[in-house]
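J.: coordinates only, sequence not included:
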């Protein structure tokens, strides 16, 4: 529960496809303002997402791109994690990993993702991503925002995010 299921995978006229369960709702990034005024609800949503990610981890899957845009909120207010396009199995180590490759969304990167060493990314990276999602729900923006992708990655590598209470007085 909490992960959008894939219903069918196939190929038609040389094009691969998959279909997923329809979630009647919108992505979390379109609803950040609903949560900045309600930190308790923000924490509840992230706790539900954490349960879903834990479910994936128990099955050997890292998401590697947790961000509000990859979480859908249904009509009942329940979160559903999607977009496992950058996911990888925990038990697979690839020699094909390219150092300094940008995999994911820099504003929500963990420091190990910002290093560009994909094999350094572990369950802890997804846990960091959960914290980054909570940060966005509390502040209305990603923990790190640079003028360029390179600037953002540098901020992730070398600095701490501003405390959420500076952006939102309702956060203690």
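T.: That came in fine, so what should we check first? Keep in mind that this is a model prediction, so the values were computed, not measured.
J.: C-alpha from now on. contacts and neighbour counts both.
T.: Noted.
J.: how about the strands in this structure?
T.: 6-12, 15-20, 25-27, 61-62, 71-74, 79-81, 88-89 (DSSP state E).
J.: what comes up buried for the fifth one?
T.: Within strand 71-74, the residues that qualify as buried by neighbour count (16 or more other C-alpha atoms under 10 Å) are 71-74.
J.: how about the residue nearest to the spatial centre of the chain, what does it touch?
T.: Centroid-nearest residue in the chain: residue 66, 0.8 Å away (criterion: C-alpha atoms, centre = their mean). With contact set as C-alpha atoms under 8 Å, 6 or more residues apart in numbering, residue 66 has these partners: 108, 126, 129-130, 133.
J.: measure it to residue 18 for me?
T.: Taken as C-alpha to C-alpha, to the nearest Å, the spacing of residue 66 relative to residue 18 amounts to 21 Å.
J.: thinking again about what came up before, how about the strands of the chain, which one is nearest residue 159?
T.: Distances from residue 159 to each of those were compared by C-alpha to C-alpha, and the smallest falls on strand 61-62, at 24.7 Å.
J.: tell me which strands and helices the closest one is in contact with?
T.: Using 3 or more C-alpha pairs under 8 Å, 6 or more residues apart in numbering; DSSP states H and E as the contact definition, the elements that strand 61-62 packs against are strand 88-89.
J.: helices or strands up against the strand it packs on?
T.: Secondary elements touching strand 88-89 (3+ C-alpha pairs under 8 Å, 6+ apart): strand 61-62.
J.: Centre of the chain to the strand it packs on, how far?
T.: Using C-alpha atoms, centre = their mean, to the nearest Å, we find the averaged C-alpha position of strand 61-62 to lie 12 Å away from the chain's own average C-alpha position.
J.: For the strands of the chain, give me a markdown table that also has distance to residue 152 and mean pLDDT.
T.: Rendered in a markdown table, the data for those read as follows (distance: least, C-alpha to C-alpha, whole Å; pLDDT from 0 to 100):
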| stretch | distance to residue 152 | mean pLDDT |
| --- | --- | --- |
| strand 6-12 | 33 | 88 |
| strand 15-20 | 32 | 86 |
| strand 25-27 | 23 | 92 |
| strand 61-62 | 23 | 86 |
| strand 71-74 | 22 | 94 |
| strand 79-81 | 24 | 94 |
| strand 88-89 | 24 | 72 |
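J.: Export those to a markdown table and append columns for distance to residue 172.
T.: Compiled in a markdown table, those are given as follows (distance: least, C-alpha to C-alpha, whole Å):
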| stretch | distance to residue 172 |
| --- | --- |
| strand 6-12 | 39 |
| strand 15-20 | 39 |
| strand 25-27 | 26 |
| strand 61-62 | 31 |
| strand 71-74 | 25 |
| strand 79-81 | 24 |
| strand 88-89 | 36 |
